[in-house]
Structures are given as C-alpha cells and as structure tokens.
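> Just need the structure, nothing else, for what follows:
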Amino acid sequence: MSAHLSIVTHPLVQHKLTIMRDKTTSTAKFRQLLREISMLLAYEVTRDLALTETTIETPLCPMQAPRLEGRKLALVSILRAGNGLLDGILELVPAARVGFVGLYRDEETLQPVQYYNKLPSELGERLVIVVDPMLATGNSSAAAVDLVKQAGGRRIIFLCLLAAPEGVARMKEAHPDVPVVTAALDERLNDKGYIVPGLGDAGDRLYGTR
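You can find the predicted model right below:
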C-alpha cells in the first residue's frame, strides 16, 4: 500500500455508508453497519500481509498451503468511537493484539487531549492498524500515531470510515509514511470541526449518546 490516501469504493461499502449517513438510521442499525463495514475495510488493509507455506493434511492428501507469516497484526483503537471499527476487524482477525489510545478534542482549540494510552508490546514486528471512524481535523489521529511510533511501531496504517481533506492533509504533513484508508473523502469541515456532509458524531450515533 503505497498511496497516502486510498478510498475503498466497493459497492457494499458505499451502500452501507449511505445508510449510516441517513439521520433516521437507528443506533442499533448504525452499530451493525459499522461492524459490517469494518470487516470489509479490513480486507483492504490486510491484502499485503506476508504469507508463508506450511504442510497440512486435507481429507485426501498432504499439501503445501499458505498461511500468515510471523507476528501479524496489532489494532489500536482511538477511544471511544474507534471501538466500533475494532469489533468488526477482530471478528476477521481474532488473534490480533489490541491497544487503546484515549483522546478527546478540546472544543475550543480542536486540539487533542490524552487521557489513556495502553499499547501492545513488540509493535515493531507487527503491522499496526490505527482505527477511528472519523478523520476530521487530523489532530487526534496524528497524536495517536505519534504514540504508536513512540512505542516502536514502524509499519502503520490509519483506517477510518470518513475523511475530510483537512484531516488527510494534516496526516500527510505529520506522518507521510502512514497510509490512510477510508470509505469516503468528504467535502470539508464546518466551523465546529465536523465533517460535511459527514454523518454527525460517530460516537454519539454508535452509543446512543448526545
């Protein structure tokens, strides 16, 4: 994965995203769709994982068959909305190590404030996928990747549901070596730092809070 920004245009991803954007979609349906989309996006971000061969016995004969090589994945969720993406990816790769970064956005400055950080060991030997549904200003995302790099992460991908041009530019400036994978690049941010047209506050819609 070489391009800094990759947009997943698969029809199922786009269809599910449209339903999630609709303000009449219920919390339960929103949660279900986010889990489904996260699995589809996970296929995209893991397509370059290294494979090796192992000998197995099928019901008919022995064979050399592919399997994932070495230490595989670490997933890092930016709390709290990142957990919506995390759950779906873990269904696909249940053996992945999991870390959490707690950041909230100061509503006045739009800058991230850290309140929690717990990351797996040996990040340098794994592909690290940092997940957060929204890449808005990019400040929290860049700060989370800073923490992953400080913990030894070298191969990092940022996975989100929606991105704003401002957030993509901020990530490219701060971490040009970290590809961004998203389902959609929206128009802009509004004066409160929300993605437009977007889907509102992902955490509120995921957990039914306001």
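> quick one: contacts for the closest residue to residue 190 other than its chain neighbours?
Spatial nearest neighbour of residue 190, chain neighbours left out: residue 196 (5.3 Å); criterion: Cβ to Cβ, 6 or more residues apart in numbering. In short, each C-beta sits where N, CA and C put it, glycine included. Neighbouring residues of residue 196 by Cβ atoms under 8 Å, 6 or more residues apart in numbering: 164, 186, 187, 188, 189, 190.
> ok, now how distant is residue 58 from residue 199?
Per Cβ to Cβ, to the nearest Å, residue 58 is found 45 Å from residue 199.
> Which one of those two is surrounded by more residues?
The neighbour comparison of residue 58 against residue 199 (other Cβ atoms under 10 Å) goes to residue 199, with 23 against 8.
> what sits up against the lengthiest helix in the chain?
Across the chain, the longest stretch assigned as helix under DSSP state H is helix 27-45. Contact partners of helix 27-45, identified using Cβ under 8 Å, 6+ apart, comprise 1, 6, 8, 10, 12-13, 16-17, 19-20, 25, 84-89, 91-93, 129, 131, 133, 157, 159, 161, 181, 183, 202, 205-208.
> So what sits opposite the residue nearest to residue 190 in the bridge?
In this entry, residue 196 is beta-bridged to residue 188, by DSSP bridges.
> Among the contacts of residue 196, list the two that are farthest apart in space.
Pairwise distances across those peak at 10.8 Å for 186 and 190 (criterion: Cβ to Cβ).
> okay, the two: which has more neighbours?
Neighbour comparison, residue 186 and residue 190: the larger count goes to residue 186, with 20 against 12 (by other Cβ under 10 Å).
> list the contacts for the more buried one?
Taking Cβ under 8 Å, 6+ apart as the criterion, residue 186 is in contact with 162, 163, 164, 195, 196, 197, 198.
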